[in-house]
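Q: model this:
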Amino acid sequence: MSTEILMPALSPTMEEGTLAKWLVKEGDEVKSGDVIAEIETDKATMEVEAVDEGRIGKILVGEGTEGVPVNQVIAILLEDGESADDVPAPKAAPVAKSPSPKPSPEAGEGLGHAKPSPSPAGERKASHENGAQVKGTEGRIFASPLARRIAADKGIDLTALSGSGPRGRIVKADVESAKPGAAKSAASGATAGAAMPAVDPRAFYAADSYEEVPLDGMRKTIARRLTQAMQEIPHFYLTIDCELDELLRVRKKLNEQAGPDGVKLSVNDFLIRASALALMKVPDANVSFAGTALLKHKAADIGIAVAIDGGLITPIIKDAHKKGLAEISSEAKSLAERARNKKLKPSEYEGGSFSISNLGMFGVKQFTAVINPPQAAIMAVGKGEERPVVRDGKLEVANVMTVTMSCDHRAIDGALGAQFLQAFKAYVEYPPSMLM
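A: Modelled structure (predicted):
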């Protein structure tokens with residue numbers, strides 16, 4: 001019996017992706033675990049493995065196709081003796097929705113990571129990286145990428161259309177014959193995609209005075225997630241100054257001892273270690289808000305914001321409280337390099353319990369950052385610079401760094417956030433305490 005190979009969900013939040021490259025062709029024999037395709041999401045390029053053995057009978061989605069919905073049939077796998085001509089046209093494969101957290105009677109829905117529902121009996125499970133899936137449940141709009149683009153340009157709500165294409169797919173003709181509708185509300189845009197602003201800025205500028213650059217997948221995801229974060233998370237901010245002279249002295253000495261071939265520590269490596277230890281010292285700050293509960297994390301998994309072409313990604317150093325400075329430094333460099341090459345696995349940038357965003361290298365003195373759900377806090381790090389300080393009534397000069405912590409007030413109160421910053425500052429200003 002033939003097997004439908006579906007567009008895999010490479011992460012719990014993935015809705016669609018680009019089928020970048022086929023590594024097999026029709027007629028090729030494959031076995032379970034063979035890499036058959038490369039899929040691009042908004043943040044990474046992932047390999048897809050076959051979940052069963054057989055022969056590639058039909059490839060239904062060509063290389064370079066964008067906006068392929070999760071669980072759409074992309075190819076057919078045949079068993080021995082089967083012919084591609086005998087295989088009926090595949091039915092529409094509806095897509096599973098991520099279950100929403102149960103709403104709190106008072107606070108509304110939480111922002112914790114929703115886990116996928118268990119697979120029905122008999123359903124084939126995807127292999128790493130969530131390889132080819134074979135079944136889904138209902139819920140996704142089935143439309144071609146071109147139809148989606150035309151709908152976005154014309155302000156048409158695809159949920160109001162019926163598709164005339166194969167298996168009910170909404171195609172170009174369906175969208176072109178539809179009348180433009182009202183723009184979706186900001187609330188629906190926050191969950192369905194990057195919403196149009198309340199006022200279209202095109203109305204204020206001559207058509208030839210600007211170049212319109214369409215949003216790519218990453219920028220759409222950033223727009224959606226940050227809009228949702230600012231709308232749903234009650235942010236508040238705490239700022240503290242940390243003196244860096246002792247840290248810079250220790251860093252210089254350790255780098256000299258490491259020699260030319262050793263690991264070179266950065267200031268950020270110390271800040272990652274200090275944040276992790278502070279979370280262990282103040283465990284009530286190491287939490288995520290989950291609607292009817294707080295998830296109190298047992299490990300300090302620290303995200304580090306990395307700027308990449310077209311956006312930002314936050315790879316995570318797992319168990320940072322258990323790792324020394326050299327290990328943190330090596331891992332941070334590896335994660336940052338793979339992030340810029342879009343080679344991270346979803347498990348390396350999703351989740352986490354705390355994040356650090358450092359703009360000090362750009363000369364920024366102080367800023368605030370938007371919380372990255374499902375986390376409840378993020379620290380914005382400014383430039384370390386010489387400033388006047390008063391010690392024992394005397395004016396002196398010290399290297400000072402300003403950090404601002406953004407907190408989710410549903411999970412972290414002011415006093416708790418202040419305790420965390422107090423612990424963080426103590427580690428930063430006396431680095432030997434990090435080595436104990």
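Q: burial count for residue 294?
A: Counted by other C-beta atoms under 10 Å, the residues lying close to residue 294 total 17. C-betas here are computed from N, CA, C, even on glycine.
Q: same question, residue 81
A: If you count neighbours by other C-beta under 10 Å, residue 81 ends up with 6.
Q: Which phi and psi values does it adopt?
A: Dihedral pair for residue 81: phi 90, psi -10, per degrees, to the nearest 10.
Q: Return the distance of it relative to residue 201.
A: The spacing between residue 81 and residue 201, counted by C-beta to C-beta, to the nearest Å, is 60 Å.
Q: got it, and residue 71?
A: Note on residue 71: its distance to residue 201, by C-beta to C-beta, is 36 Å.
Q: And those two? Which one has more around it.
A: Neighbour count, other C-beta under 10 Å: between residue 71 and residue 201, residue 71 has more, with 24 against 9.
Q: Wasn't the more buried one part of a strand?
A: No. If the criterion is DSSP: H, G, I helix; E, B strand; the rest coil, then residue 71 is coil and not within a strand.
Q: right, and it touches residue 6 too?
A: Yes. Using C-beta atoms under 8 Å, residue 71 makes contact with residue 6 at a distance of 4.8 Å.
Q: tell me the contacts of residue 352?
A: Residue 352 makes contact with 301, 302, 303, 314, 316, 372, 375 under the criterion C-beta atoms under 8 Å, 6 or more residues apart in numbering.
Q: Distance check, it against residue 289.
A: Using C-beta to C-beta, residue 352 is found at 14 Å from residue 289.
Q: Repeat that for residue 364.
A: 28 Å.
Q: Same check on residue 255?
A: For residue 255, the distance to residue 289 - C-beta to C-beta - is 39 Å.
Q: go on, residue 331?
A: 27 Å.
Q: So between these two, which is more surrounded?
A: residue 289 (27 against 19).
Q: Would you mind listing where this protein has pLDDT under the threshold?
A: Along the chain, segments meeting pLDDT under 70 span 1, 12, 84-142, 145, 165-168, 179-196.
Q: Show me how it divides into domains.
A: Domain ranges of the chain: 3-140, 234-435, per automatic domain parsing.
Q: biggest strand in the chain by residues?
A: Identified as the longest strand of the chain according to DSSP state E is strand 394-408.
Q: tell me how far the helix or strand just after that one is from the chain's mean position?
A: Of the helices and strands lying after strand 394-408 in sequence (DSSP states H and E), the nearest is helix 414-429. Centroid separation between helix 414-429 and its chain, computed with C-alpha atoms, centre = their mean, to the nearest Å, is 27 Å.
Q: Any buried residues in helix 414-429, and which?
A: 417, 418, 419, 420, 421, 423, 424, 425, 427, 428 (16 or more other C-beta atoms under 10 Å).
Q: What of stretch 3-19?
A: Neighbour-count burial for stretch 3-19 flags 3-11, 13-19 (criterion: 16+ other C-beta under 10 Å).
Q: try stretch 232-249
A: Using 16+ other C-beta under 10 Å as the test for burial, stretch 232-249 gives 232, 233, 235, 238, 240, 242, 243, 244, 247.
Q: Residue 29 pairs with what?
A: Judged by DSSP bridges, the bridge partners of residue 29 are residue 55.
Q: what about it, how many neighbours?
A: Counted with other C-beta under 10 Å, residue 29 comes out at 12.
Q: these two touch, right, it and residue 57?
A: No. If you go by C-beta under 8 Å, residue 29 and residue 57 don't touch, sitting 11.2 Å apart.
Q: Most neighbours among the contacts of residue 352, which one?
A: Neighbour counts for the contacts of residue 352 peak at residue 302, which has 30 neighbours (criterion: other C-beta under 10 Å).
Q: looking at it, that residue is touching residue 274, isn't it?
A: No. In this structure, residue 302 is not within contact of residue 274 by C-beta under 8 Å, at 10.0 Å.
Q: which other helices and strands contact the strand or helix carrying residue 76?
A: Under DSSP H and E, the secondary-structure element containing residue 76 is strand 73-78. Applying 3 or more C-beta pairs under 8 Å, 6 or more residues apart in numbering; DSSP states H and E, we find strand 73-78 packed against strand 3-6, strand 54-59.
Q: quick one on the thing from earlier: format the buried residues of helix 414-429 as a markdown table; extra columns: distance to residue 325.
A: Putting the buried residues of helix 414-429 into a markdown table (distance: C-beta to C-beta, whole Å) gives the following:
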| residue | distance to residue 325 |
| --- | --- |
| 417 | 25 |
| 418 | 26 |
| 419 | 24 |
| 420 | 20 |
| 421 | 21 |
| 423 | 18 |
| 424 | 16 |
| 425 | 18 |
| 427 | 12 |
| 428 | 13 |
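Q: quick one: the strands in the stretch 301-436 of the chain?
A: 302-304, 306-308, 311-313, 316-317, 354-358, 377-381, 385-391, 394-408 (DSSP state E, counting those that start in this stretch).
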